[in-house]
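**Q** got a structure for you, letters missing:
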């Protein structure tokens with residue numbers, strides 16, 4: 001006898017992930033000073049990186065810091081995408 005199928009449940013976004021976070025002064029220079037969900041913060045950061053051509057041309061996973069990004073990247077001139085998310089977490093209240 002086949003098991004009755006469960007109704008397909010829609011994936012709920014993680015409440016902690018959607019909770020607004022407050023960027024500090026260094027990060028506010030790029031994404032704005034209003035609290036926003038982490039997903040929006042990452043989206044705005046990427047919009048800035050693309051608009052200002054900060055993505056490395058040869059190695060696309062690397063981000064080259066301009067004057068606004070350098071304080072967020074703790075003074076580093078180049079970081080990987082993965083390191084960037086870790087560094088950005090340090091600038092969220």
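**A** Cool, the structure landed. Everything numeric in this text was worked out from a predicted model, so none of it was measured. Residues are numbered from 1 along each chain as shown.
**Q** What is the neighbour count of residue 88?
**A** By other Cβ atoms under 10 Å, 22 other residues sit near residue 88. In short, each C-beta sits where N, CA and C put it, glycine included.
**Q** Distance of it relative to residue 74?
**A** As judged by Cβ to Cβ, to the nearest Å, residue 88 and residue 74 stand 11 Å apart.
**Q** quick one: average confidence on the helix or strand hosting residue 43?
**A** Assigned by DSSP states H and E, residue 43 belongs to helix 38-51. For helix 38-51, mean pLDDT rounds to 95.
**Q** And the average pLDDT for the following helix or strand past that helix is what?
**A** Per DSSP H and E, the first helix or strand lying C-terminal to helix 38-51 is strand 62-64. When pLDDT is averaged along strand 62-64, the result is 97.
**Q** Could you pull out the buried residues of the helix holding residue 43?
**A** The neighbour-count check on helix 38-51 (16 or more other Cβ atoms under 10 Å) flags 38, 40-41, 44-45, 48-49 as buried.
**Q** With stretch 53-61 instead?
**A** Residues residue 54 are the ones in stretch 53-61 that count as buried (16+ other Cβ under 10 Å).
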